[in-house]
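Novice: What follows is a predicted protein model with its sequence.
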Amino acid sequence: MATEKARNLRAGIALLWGEQDQPTRGPKPSLTPHRIAERAVAIADAEGLDAVSMSKVAAEFGLSAMALYRYVPGKTELVELMVESTLAPIPDLSAAGSGWRPQITEWAHQSAKTHQAHPWLLAATAMRRQLMGPNQLGWLDAALAALEPTGLTAVQQHRIFILVAGLVRTLVQQQIDFDEEHNRQWNHLTGELINRHADRFPALTRAITAGAFAPDAVDPLEFGLDRILDSIQTLIDSNQTPSP
């Protein structure tokens, strides 16, 4: 069983990285994994990730599902190819400036833009040990390259990456889940509950009265990034402060 699992993982890596063996005999394949992934991405963008199936993607090319397996072993590999397709090109952060702060800010904005364009990407890249292609690793490499000049340890740089990526994912998920009508009803019903039980939640009641939940013009991504990046600068400064 372990050998079979390892062999499948190697095949998946070869597919993502374009390193699979090419047939030397028979007719030349009419499709490529890249073209298949692009068509699957279009389906996911329009209908969601659950709508993507081997048979549905195959039908886009006038093929049977069995014929598609000649190019992609299954849906797991297909989704990994889709992720890789949406993450091209790898972000070029040099135009944002030479400092780590503007480059990480640019990285976060490009990541948010990509996830907003492909809402299914959040589910496809949930926190699990999925196989990663060169584009996905390239995004990580770009962020770490921006953080290298800070002088922070490699562990600290990776943890900062996780914080920034987590902020982006959380805010994009909130945008995806937002429903205006549901939000209006929720606010109304929750407001009635708080009014009836204000004595049980005094701090929350005071916060609501002070406008804590009122709409404002502040970009939540900018607000969150500023707080994280300010903390990073404090960490950098503390590492550079000479010991007494």
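Specialist: On my side now, so go ahead.

Novice: okay, now the domains of the protein?
Specialist: According to automatic domain parsing, the chain comprises the domains 2-86, 94-178+214-240.

Novice: who does the helix or strand containing Ala123 touch, helix- and strand-wise?
Specialist: Per DSSP states H and E, Ala123 falls inside helix 121-124. For helix 121-124, the contact count by 3 or more CB pairs under 8 Å, 6 or more residues apart in numbering; DSSP states H and E identifies helix 75-86, helix 100-117, helix 154-177 as packing neighbours. Using the backbone N, CA and C atoms, a C-beta is placed for each residue, glycine as well.

Novice: out of these, deepest packed?
Specialist: Across the helices and strands packed on helix 121-124, averaging neighbours per residue (mean count of other CB atoms under 10 Å) puts helix 75-86 on top, at a mean of 21.

Novice: got the angle between that one and helix 100-117?
Specialist: Angle of helix 75-86 versus helix 100-117, following axes from the mean of the first three to the mean of the last three CA atoms, to 10 degrees, is 130 degrees.

Novice: Show me what helix 75-86 is in contact with.
Specialist: Contact with helix 75-86 is made by 12, 15-16, 33-34, 36-38, 40-41, 44, 49, 52-54, 57, 72, 114, 117-118, 121, 124-125, 130-136, as judged by CB atoms under 8 Å, 6 or more residues apart in numbering.

Novice: sorry, back to before: out of the domains of the chain, the one nearest Asn195 is which?
Specialist: Closest to Asn195 of the domains of the chain, according to CB to CB: domain 94-178+214-240, at 16.3 Å.
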